[in-house]
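K.L.:
Here is my input, please return the structure:
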Amino acid sequence: MDAKSQILVLQSFHESSVTGWQGRCLASVRQWCEQQGYTYRHCHDDLFDRLPNWYWEKVASRKPIAADLARLLWIREALAQGEFDLVAWLDADTLILDPQSLRLCAETTCVFGQEYWLEAKSGKNRIRKNVHNAYCAFRPDCPVLPFLIEVIQRMVRRVDARFLAPQFVGPKLLTHLHNTVDFELDARFGALSPAIVSTLGQGEGHLFREMRAAMSVPLMAANLCASLHDDQGSISSQILTASIDRLLASRC
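P.N.:
Model prediction:
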């Protein structure tokens, strides 16, 4: 992407998240944007004001599902202003690891993150490559953006609210579509599974090294997948803080 291109980075977070481990993630993104000359904007729970009433009521307290659509509506709104050549979203629990080398780019009209998801199994660990939307970026006039906005609403409208899976219209949908249409993916924006975060926080890096060995590019930004930790109740803020310490100390 041309160095003169106008790039906007968006984030949303609860006001209470600006301290502690998540505050460190947010600070890393703001500092990276300043260093690279990107425009940075954030909002709080008013992100969800963009949602149709019926959608918000159906997903109820499932904020990750609400955010899957709300982020796209905000990106569409930002692109419609006509000021930016690329508008990107980063989840609030994303830590920038290499702010000097990491630059946003999109060879096509949109790009999504790619995760090497490690599941710790007895005997041999399993690593699966998936698409994730903790990072995504769109150019103006991208045909995928309105398609996803429409498809997500159709899927949520028809599904039984009792069986809404956390990643139903996020990574699961994108991974399924990618297998058919081949999205542009950027593995530099990765995601760390709960097993990796847990072992890093306990001072063990073997699972993280195993994931990195499977990657074809360096990991420069890591999503800590905090919503999964909340669901499982398995990883404390102390573990997340220690994981960040270890990631920044090693610079991965």
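K.L.:
For Leu69, which non-adjacent residue is spatially closest?
P.N.:
Ile152 (4.9 Å; C-beta to C-beta, 6 or more residues apart in numbering). For the C-beta atoms, the positions are set from N, CA and C on the backbone; glycine is no exception.
K.L.:
helix/strand/coil for that neighbour?
P.N.:
helix (DSSP: H, G, I helix; E, B strand; the rest coil).
K.L.:
contacting residues around Pro143?
P.N.:
Contact criterion C-beta atoms under 8 Å, 6 or more residues apart in numbering gives Thr109 as the residues in contact with Pro143.
K.L.:
Moving along the chain from the lowest-mean-pLDDT helix or strand in the chain, name the first helix or strand you hit.
P.N.:
The weakest-scoring helix or strand in the chain, judged by mean pLDDT, DSSP states H and E, is helix 226-232 (a mean of 63). For helix 226-232, the following helix or strand on the C-terminal side (DSSP states H and E) is helix 237-250.
K.L.:
Identify all contacting residues around that following helix.
P.N.:
Contacts made with helix 237-250 from outside it, assessed by C-beta under 8 Å, 6+ apart, are listed as 20-21, 24-25, 95, 97, 192, 197-198, 200-203, 205, 222, 224, 226, 229.
K.L.:
Give me the ChimeraX select line for these, limited to the buried ones.
P.N.:
The following ChimeraX selection, which keeps only the buried ones among the contacts of helix 237-250, applies the criterion 16 or more other C-beta atoms under 10 Å:
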select :21,24,25,95,97,192,197,198,200,201,222,224,226,229
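K.L.:
Among the contacts of helix 237-250, which lie within helices?
P.N.:
Of the contacts of helix 237-250, the ones assigned to helices by DSSP state H are Gly20, Trp21, Arg24, Cys25, Val197, Ser198, Leu200, Gly201, Ala226, His229.
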